[in-house]
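[1] One predicted model, sequence on top.
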Amino acid sequence: MPEGPEVETVRRSLAPWLVGSRITALSLRRRDIIVTPADPPGGFSRQRTIPTRPRPVPRPDLLLDQTITALERHGKQLALIADSGRVLLVHLGMTGKLVVDALPVPSQVASRRAARAPATPHTHIQWNLSTPYATPGTPSTLRLRFIDPRRFGGLWTLPTRDDLTLRWSSLGPDATQITPAALAASLASRSAPIKAALLDQAIVAGVGNIYADESLFLARLHPRAPAASLSPAQLAALAHAIRTVIHAAIDARGSTIRDYTDSRGQPGTAQLTHNVYARAGLPCPRCASPLASATIAQRTTVWCPNCQTQPCV
DNA sequence: CTGGTCTCCTGATCGC
DNA sequence: TGCGATCAGGAGACCA
């Protein structure tokens, strides 16, 4: 389940392959994974279209015939920036993947094999790219695939860099850089449980269910504590905990719980250091009390009832 | 504006 | 072995 650290790991594993590469072809299998700003009313909506058979489509908004100049991330969102100025914004959602590899060379053997074996299921779009970095032994033609079984993810096509800036301005600071002051400002009027607030991307971008629980554990805060009730010292502890947890997870190349991998298929190892996530009933790593579990903000939440401060209600 | 609930979607897992 | 129920959750829609 990609949260900020997983998306950052994807970004880092994609960048050496994509930056400088030019998209030479694309194949769109499901149009309804694409969201365009032009869709009325209310701005963004899915294109409800019958799934199409794979076919080449002239889509400049999907960066066809453009060169990728940068990959940028804010929170859980990954932006492919093209030399044209266009931006393709990717949400991985729950089960989304961006996978890059060498484009299989067509051959009779490969064709027959491909005809027998179905393509990777849930591949909604594929881009072919030519890379300028080809050396002997290195393929010069790549393919990038967006694969998302549950389709909670999607693609946003943005005409300009300014549209990206505008869109990202509605998100809070990236979790890698969250400060006590920023938390204080955005939580001051929030009576919701701090757990719910941490999942709100407008408050801090990139924290999902796993890292919210881990951050609250590190900061010794009860997930039900009203957000606005936190003291300055607690806010400082929380901001520090978020940065610590997120940076450690990035260093570990993300958490592989079920099927998350980076763009080259490599799993992360951050799950090995989780203190509370998915550990309900097991002893607290700090005090050995059994960890408690409940649903907060529609999410399974795990905490230590002994060493995470009770909410003062 | 805020917060809570619902919804989307498929695969893994579990109890019977 | 099969099958229905349950769970996983990011984030927008919707309502009080």
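    It's in.
[2] all strands of the stretch 151-300 of chain A, in order?
    A:154-158, A:292-296, A:299-303 (DSSP state E, counting those that start in this stretch).
[3] would you list these in CSV and tack on mean pLDDT and mean neighbour count?
    (Each C-beta comes from the backbone N, C-alpha and C, glycine too.) Output for the strands of the stretch 151-300 of chain A, formatted as CSV (pLDDT from 0 to 100; neighbours: other Cβ atoms under 10 Å):
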stretch, mean pLDDT, mean neighbour count
strand A:154-158, 90, 21
strand A:292-296, 90, 15
strand A:299-303, 91, 21
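[4] I'd like those strands written out as CSV, with distance to A:A225 added.
    Listed next are the strands of the stretch 151-300 of chain A as CSV, based on distance: least, Cβ to Cβ, whole Å:
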stretch, distance to A:A225
strand A:154-158, 33
strand A:292-296, 11
strand A:299-303, 10
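[5] Tell me which of the ones you listed approaches DNA strand C most closely.
    Closest to DNA strand C of the strands of the stretch 151-300 of chain A, according to Cβ to the nearest atom of the strand: strand A:299-303, at 3.9 Å.
[6] right, is the closest one up against DNA strand C?
    Yes. Using Cβ under 7 Å from any atom of the strand, strand A:299-303 reaches DNA strand C at A:299-300.
[7] so, in contact with DNA strand B or not, that strand?
    No. Contact between strand A:299-303 and DNA strand B is absent, the nearest approach being 9.5 Å (criterion: Cβ under 7 Å from any atom of the strand).
[8] got a list of contacts for stretch A:69-85?
    A:2-4, A:7-8, A:10-11, A:14-15, A:18-20, A:60, A:63, A:66-68, A:87-92, A:98, A:159-161, A:164, A:168, A:171-172, A:174-175, A:201, A:205-206, A:208 (Cβ atoms under 8 Å, 6 or more residues apart in numbering).
[9] touching DNA strand C at all, that stretch?
    Yes. Using Cβ under 7 Å from any atom of the strand, we find that stretch A:69-85 touches DNA strand C at A:75-77.
[10] Now the residue of the stretch 1-150 of chain A found nearest DNA strand B: closest residue in space, sequence neighbours ignored.
    Closest contact between the stretch 1-150 of chain A and DNA strand B, by Cβ to the nearest atom of the strand, is at A:R150 (3.5 Å). What sits nearest to A:R150 in space, not counting adjacent residues and going by Cβ to Cβ, 6 or more residues apart in numbering, is A:T95, at 4.6 Å.
[11] Next, the one you found: secondary structure please.
    What DSSP: H, G, I helix; E, B strand; the rest coil gives for A:T95 is coil.
[12] Now tell me what touches the longest helix that chain A contains from outside.
    Longest helix of chain A, by residue count under DSSP state H: helix A:232-251. The contact list for helix A:232-251, computed with Cβ under 8 Å, 6+ apart, reads A:3-6, A:8-9, A:175-180, A:182-184, A:187, A:194, A:198, A:204, A:206-207, A:211, A:214-216, A:218-221, A:230, A:255, A:268, A:270, A:273, A:309.
[13] Distance of A:G268 relative to A:L92?
    Separation of A:G268 from A:L92 (Cβ to Cβ, to the nearest Å) stands at 14 Å.
[14] For the stretch 101-250 of chain A, what lies in contact range of DNA strand C?
    A:150, A:152, A:199, A:201, A:208-210.
[15] Just the buried residues out of these, in PyMOL syntax.
    Buried members of these, defined by 16 or more other Cβ atoms under 10 Å, are picked up in PyMOL with:
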select buried, chain A and resi 199+201+208+209+210
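[16] Just put the residues of the stretch 101-250 of chain A next to DNA strand C in a markdown table and tack on pLDDT and distance to A:Q126.
    Listed next are these as a markdown table, based on pLDDT from 0 to 100; distance: Cβ to Cβ, whole Å:
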| residue | pLDDT | distance to A:Q126 |
| --- | --- | --- |
| A:R150 | 86 | 19 |
| A:F152 | 86 | 20 |
| A:L199 | 93 | 32 |
| A:Q201 | 92 | 28 |
| A:G208 | 92 | 27 |
| A:N209 | 91 | 30 |
| A:I210 | 91 | 29 |
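[17] so where do the helices sit in the stretch 51-200 of chain A?
    Shown for the stretch 51-200 of chain A, the helices assigned by DSSP state H, counting those that start in this stretch span residues A:108-116, A:161-168, A:180-187, A:194-199.
[18] Sorry, slip of the keys, the one I care about is the stretch 201-313 of chain A.
    Using DSSP H, counting those that start in this stretch, helices in the stretch 201-313 of chain A cover A:209-219, A:232-251.
[19] now the longest one: mean pLDDT?
    This predicted structure assigns helix A:232-251 an average pLDDT of 95.
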